[in-house]
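Asker: From the sequence below, what's the structure:
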Amino acid sequence: MTASNVAPLHHNEPHWQERVDLACAFRWAARLNMHEAVANHFSLAVSDDGPEFLVNPCNMHFSRIKASDLLLLDASDPATTEGANAPDPTAWDLHGGIHRRMPEAKCVLHVHSRYATVLATLKDPRILPIDQNTMRFFDRVAFDDGFDGMGLGEEAERVCGCFGDKPILVTGNHGVMITGPSVAWAFDELYYFERACETLITAYMTGKDLLVVSDEVARKTMQQWMDYENGPENHLRELKAILDEEEPSYRT
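Answerer: Numbering: from 1, shown residues only. The predicted structure is shown next:
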């Protein structure tokens, strides 16, 4: 299936709730200043085996994206890159590559948000466990220090192979890619990842010694985050409720 032959959408269309959730994520990424011009992409696999996925259209600002704007693509169909409604090449190469290779990564969020990008420029980009938010990501982040240009072609394939068994990839000299089993989970991770990076970078700026907890405490706290019942779902529900009052067009 290519972007150019997607049928007109309505509320009975398959994947409508997934579209609404992803549109909410775009709007909130813009509100939280985690967007960058008309670049960066969010995607969501809607087929069990991964290749069929939703992604934002080329050159549309996050703050304007609606559920009906999202492109439905097939990562196994190279003809998708042709035609008037073709996706951005980096979106196709990076997100299509991940959805082809990592069916467990249902939702993929890629941003150049301020503090995550600062972290990505450091020679030592480890997220030291200095508060609850940084501890959430203990031993859950992969790091790629082999930047070789924008995420196109061979570079995209190389990046897609850098996750290993981790759900989050800090792409050195670039930004961050978050994967998760749902929009709710992935966006909650993105939100807290940026908060964790902000805390760590701010702590570095003080020039003082950091109070780093033990691996045992960090791992325990990380697991408590993972076991916290319905946190991401509750977060996304409230984000949608705010948009329902203030920007209901995201649902259309």
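Asker: What segments of the stretch 1-150 of the chain are helices?
Answerer: In chain order, the stretch 1-150 of the chain shows helices spanning 16-31, 89-90, 96-101, 114-120, 132-136, with DSSP state H, counting those that start in this stretch as the criterion.
Asker: what does the longest one contact?
Answerer: This points to helix 16-31. With contact meaning CB atoms under 8 Å, 6 or more residues apart in numbering, helix 16-31 is reached by 9-10, 13, 35, 42, 44, 46, 54, 56, 61-63, 65-70, 107, 109, 111, 182-184, 186-187, 190, 236, 239-240, 243, 247, 250-251. The way it works is simple: take the backbone N, C-alpha and C, and place the C-beta from them, glycine included.
Asker: Could you pick out the buried ones from those?
Answerer: Using 16 or more other CB atoms under 10 Å as the burial test, these include 9, 35, 42, 44, 46, 54, 56, 62, 65-70, 107, 109, 111, 182-184, 186-187, 190, 236, 239-240, 243, 247, 250-251 as buried.
Asker: Report the contact partners of residue 161.
Answerer: residue 101.
Asker: Phi, psi for it please.
Answerer: Main-chain dihedrals, residue 161, degrees, to the nearest 10: phi -90, psi 0.
Asker: how near is it to residue 146?
Answerer: Separation of residue 161 from residue 146 (CB to CB, to the nearest Å) stands at 10 Å.
Asker: same deal with residue 246?
Answerer: Distance of residue 246 to residue 146, given as CB to CB: 42 Å.
Asker: Repeat that for residue 199.
Answerer: 27 Å.
Asker: Compare neighbour counts for those two and give me the winner.
Answerer: The residue with more neighbours, out of residue 199 and residue 146, is residue 199; 18 against 12, by other CB atoms under 10 Å.
Asker: what's the neighbour count on residue 39?
Answerer: Taking other CB under 10 Å as the definition, residue 39 ends up with a neighbour count of 16.
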